[in-house]
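*Asks:* Can you look at this prediction? I've put the sequence above it.
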Amino acid sequence: MRGGSIAVVGGSIAGCAAALAASRGGAERITVLERADARLRDRGVGIALHSDRFDELRDGGYVTPQMPWAPLSRRVWSARDGDKEHGRVIGEQPFPFRAYSWGSLWSELRRRVPEGVLYRSGAVVTDVEPDADGVTLRLDGGEQERFDVVIGADGYRSVVREAMFPGAEATYAGYIGWRGTSSDAADLPSDGHDAHNIVFPGGHCMIYRIPDGAGGHLLNWVLYTTPPWAESLGAGLRTPMSLPPGRLDAELTAYLRDLVADNFPPYWAARVLRTPAATTFVQPIYDLEVPRYTQGRMVLVGDAASVARPHVGGGSVKALQDAQALEQAWVAGANWEEVLESYDTGRRAIGAAMVALARRMGAAQVENTPDWSAMGQPEFDAWWHDQNNGSDRRSGFGGHSVKAT
């Protein structure tokens with residue numbers, strides 16, 4: 001299917017990948033509309049790509065070995081044990097992942113978007129109006145433009161999704177994550193090649209290195225738990241949102257510091273507590289599934305289509321795979337109907353499976369945590385096996401294989 005005018009709403013990782021897919025598919029004119037300004041590159045939070053999924057995406061031309069990354073080979077789960085500096089290890093597992101900074105991965109994808117694509121920062125889409133053979137977009141300045149196809153890559157608060165399925169928004173899962181990054185990444189155990197999960201009643205915290213973009217590393221962590229005042233807090237989180245870096249209120253900050261001081265092994269407590277407030281923020285956890293990935297001339301990719309809790313370790317992979325699948329459908333299809341139907345058929349079930357797995361993991365790792373103190377490696381293995389229905393490869397931890405699907 002060659003030609004056509006395409007708008008990509010959202011210019012982050014999913015949006016840049018979707019623009020690349022549209023270009024390779026043969027679109028004649030592509031416009032990316034990103035509501036944020038150029039400071040997207042400054043986002044320093046960590047993401048990780050499973051090594052096998054990286055290989056597939058590299059072969060598809062969506063990632064390159066030159067992107068700055070930090071290798072991870074093992075994940076170590078530890079609980080506090082008196083004054084032992086690093087606590088007690090309750091389980092270890094292989095963890096063949098590549099750790100990235102969100103900003104550096106986005107920057108590389110942004111560079112890969114062809115020069116002929118019009119990328120507009122600070123462009124806020126306020127209304128999406130589909131018709132029989134196209135879609136009209138309205139921007140906050142009053143400007144409007146019609147396109148043959150609109151791709152919604154605008155995340156879990158997608159305006160494109162709202163036009164497709166009114167009222168279908170992300171649902172608050174009942175707990176939150178704290179995220180932080182710091183320069184405190186020197187002298188880590190195992191030379192920093194391990195990811196560390198610190199467990200406590202009612203949650204856990206995952207800690208690992210990411211590139212800092214200047215040849216060094218940052219310490220990246222994310223802590224999941226349900227605060228005791230989650231019900232009252234949740235009333236304000238049912239509409240998808242996040243608290244940006246440096247905006248934690250006093251109650252949230254005090255709770256986080258007390259939880260870490262009381263439950264973390266001393267070594268890891270010190271690392272987390274030294275994280276600057278300016279690089280710490282709250283990420284409420286949400287779920288989302290949609291009936292279809294396409295409707296009329298509208299398409300959803302990434303978090304606009306489905307939101308899986310971060311425990312599954314495949315959010316960024318799925319966004320890139322969505323784009324890759326869209327490109328393949330575009331090349332094979334003879335008309336828009338064939339392209340969009342093929343894409344929906346190939347991706348809808350994958351998104352639903354990841355959401356289901358992430359819910360199981362959230363229940364096991366946060367909502368109904370086991371008695372960590374009673375765990376050793378055999379108990380840990382059985383607990384992990386139950387979450388994954390017996391097979392990481394089938395369940396999709398780290399993302400499903402494109403080749404397998």
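*Replies:* Yep, it's here.

*Asks:* Okay, helices next: where are they in the stretch 51-200 of the chain?
*Replies:* 51-59, 102-112, 159-164 (DSSP state H, counting those that start in this stretch).

*Asks:* contacts for stretch 69-77?
*Replies:* Residues from elsewhere that reach stretch 69-77 (Cβ atoms under 8 Å, 6 or more residues apart in numbering): 48, 89-100, 189-190, 192-197, 199, 204, 208-211, 217, 380. (Each C-beta comes from the backbone N, C-alpha and C, glycine too.)

*Asks:* Put the alpha carbons of that stretch into PDB.
*Replies:* Listed next in PDB are the C-alpha coordinates belonging to stretch 69-77 (Å, rounded to 0.1, in the frame of the first residue of the first chain):
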ATOM      1  CA  TRP A  69      23.200   0.400  27.100                       C
ATOM      2  CA  ALA A  70      24.200  -1.500  30.300                       C
ATOM      3  CA  PRO A  71      24.300  -5.300  30.300                       C
ATOM      4  CA  LEU A  72      22.200  -7.200  32.900                       C
ATOM      5  CA  SER A  73      22.600 -11.000  33.300                       C
ATOM      6  CA  ARG A  74      21.100 -11.900  36.600                       C
ATOM      7  CA  ARG A  75      18.300 -10.700  38.900                       C
ATOM      8  CA  VAL A  76      18.900 -11.100  42.700                       C
ATOM      9  CA  TRP A  77      16.000 -10.900  45.100                       C
END
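
*Asks:* Would you mark the buried spots in that stretch?
*Replies:* Trp69, Ala70, Leu72, Arg75, Val76, Trp77 (16 or more other Cβ atoms under 10 Å).

*Asks:* Can you tell me which of the residues you listed end up in strands?
*Replies:* In strands, defined here by DSSP state E, the members of the buried residues of stretch 69-77 are Ala70, Leu72, Arg75, Val76, Trp77.

*Asks:* Beyond the longest helix belonging to the chain, next helix or strand please.
*Replies:* Ranked by residue count, the top helix of the chain under DSSP state H comes out as helix 336-362. Next helix or strand after helix 336-362 toward the C-terminus (DSSP states H and E): helix 377-387.

*Asks:* before we move on, the earlier item: relative to Leu118, tell me which of the helices of the stretch 51-200 of the chain wins on proximity.
*Replies:* Leu118 lies closest to helix 102-112 among the helices of the stretch 51-200 of the chain, at 13.4 Å (Cβ to Cβ).

*Asks:* Columns pLDDT and distance to Glu337 on top of the buried residues of stretch 69-77, output as a markdown table?
*Replies:* Compiled in a markdown table, the buried residues of stretch 69-77 are given as follows (pLDDT from 0 to 100; distance: Cβ to Cβ, whole Å):
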| residue | pLDDT | distance to Glu337 |
| --- | --- | --- |
| Trp69 | 94 | 39 |
| Ala70 | 94 | 44 |
| Leu72 | 96 | 43 |
| Arg75 | 97 | 44 |
| Val76 | 98 | 50 |
| Trp77 | 98 | 48 |
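
*Asks:* returning to that earlier point: lowest average pLDDT across the helices of the stretch 51-200 of the chain?
*Replies:* Among those, helix 102-112 has the lowest mean pLDDT, at a mean of 88.

*Asks:* Any idea how far that helix is from the middle of the chain?
*Replies:* Centroid separation for helix 102-112 versus its chain: 15 Å, with Cα atoms, centre = their mean, to the nearest Å.

*Asks:* Pull out the buried residues from that helix.
*Replies:* Using 16+ other Cβ under 10 Å as the test for burial, helix 102-112 gives Trp102, Gly103, Ser104, Leu105, Trp106, Ser107, Glu108, Leu109, Arg110, Arg112.

*Asks:* Among these, which one lies nearest to Asp344?
*Replies:* Nearest member of the buried residues of helix 102-112 to Asp344, counting by Cβ to Cβ, is Leu109, at 23.5 Å.

*Asks:* and Pro310, what does it touch?
*Replies:* Counted by Cβ under 8 Å, 6+ apart, Pro310 has contacts Gly177, Val222, Gln283, Ile285, Ala358.

*Asks:* Neighbours of the residue nearest to Val150 when sequence neighbours are not counted, how many?
*Replies:* Leaving aside its sequence neighbours, Val150 sits nearest to Val135 (Cβ to Cβ, 6 or more residues apart in numbering; 4.2 Å). Neighbour count for Val135, taken as other Cβ atoms under 10 Å: 24.

*Asks:* Tell me the pLDDT of Val135.
*Replies:* 98.

*Asks:* how about it, what does it touch?
*Replies:* Val135 neighbours (Cβ under 8 Å, 6+ apart): Ala7, Val128, Glu129, Arg146, Phe147, Asp148, Val149, Val150, Gly296, Arg297, Met298.

*Asks:* repeat that with 6 Å
*Replies:* Counting by Cβ atoms under 6 Å, 6 or more residues apart in numbering, Val135 makes contact with Phe147, Val150, Arg297.

*Asks:* same question, Tyr100
*Replies:* Ile47, Trp69.

*Asks:* Quick check: beta-bridge partners of it?
*Replies:* Per DSSP bridges, the residues bridged to Tyr100 are Ile47.

*Asks:* quick one: average pLDDT of the helix or strand containing Tyr267?
*Replies:* Here Tyr267, judged by DSSP H and E, is contained in helix 266-273. Across helix 266-273, the average pLDDT comes to 97.

*Asks:* Equivalent analysis for stretch 336-348, please.
*Replies:* On average, stretch 336-348 scores 95.

*Asks:* Show me which residues of it are buried.
*Replies:* Across stretch 336-348, burial judged by 16+ other Cβ under 10 Å covers Trp336, Val339, Leu340, Ser342, Tyr343, Asp344, Gly346, Arg347, Arg348.

*Asks:* Is the fifth one in contact with Gln328, as I believe?
*Replies:* The reference is to Tyr343. No - shown here, Tyr343 and Gln328 do not form a contact pair, counting by Cβ atoms under 6 Å, at 8.4 Å.
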